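K.L.:
Here is the input, now give the coordinates:
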Amino acid sequence: MAISEFELFKVESIAKVFCGDRNKNFPPDQLYIDYKMEEQTLYILEVRPKWNDPTVKTKLFVAKFTYVKKDKIWKLYWQRQNMKWQQYEPNGINQHLEPLIQIVNEDPQGCFWG
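P.N.:
Next up is the predicted model:
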């Protein structure tokens, strides 16, 4: 079951603020932080020009947040080198999205931004 329109608006507002804050540090033609919503999953991604063709943009997933509606919780995932998503440990589950966004922003274990 998908997120309600009210919840979707709230999630997109949080994602826009996060991406806007991250984008202040980089020239937009070199690196752009964006988000994507699919059903009850929010993705944070980096958009960069392709190394050998700057007119082509590449997208790299940074983080994944999945809302489990029956439990009313958010789960945070990071992408391993083999491109599989792994749940973030510790504190990768929360009732609110904001603390999980803060974990991605601070990246204490180097899972998201290297």
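
K.L.:
Mind listing what's buried along stretch 65-83?
P.N.:
65, 66, 67, 74, 75, 76, 77, 78, 79 (16 or more other Cβ atoms under 10 Å). C-beta: built from backbone N, CA, C; applies to glycine.

K.L.:
where does residue 98 land in three-state SS?
P.N.:
helix (DSSP: H, G, I helix; E, B strand; the rest coil).

K.L.:
so who does the residue minimising distance to the centre of the chain touch?
P.N.:
For the chain, the residue nearest the mean C-alpha position is residue 44 (2.4 Å; Cα atoms, centre = their mean). Contacts of residue 44 were listed using Cβ atoms under 8 Å, 6 or more residues apart in numbering, and they are 15, 18-19, 33-35, 61-65, 104, 112.

K.L.:
Show me the longest helix that occurs in the protein.
P.N.:
helix 5-23 (DSSP state H).

K.L.:
circling back: out of the contacts of residue 44, which are buried?
P.N.:
Buried among the contacts of residue 44 by 16+ other Cβ under 10 Å: 15, 18, 33, 34, 35, 61, 62, 63, 64, 65, 104, 112.

K.L.:
okay, residue 1: pLDDT?
P.N.:
For residue 1, the model assigns a pLDDT of 51.

K.L.:
now swap in residue 80 and tell me
P.N.:
93.

K.L.:
Strands of the chain, residue ranges please.
P.N.:
32-38, 41-50, 53-68, 73-79, 85-87, 93-94 (DSSP state E).

K.L.:
residues in contact with the shortest one?
P.N.:
Right, the one you point to is strand 93-94. The contact list for strand 93-94 (Cβ under 8 Å, 6+ apart) reads 73, 74, 75, 76, 87, 100.
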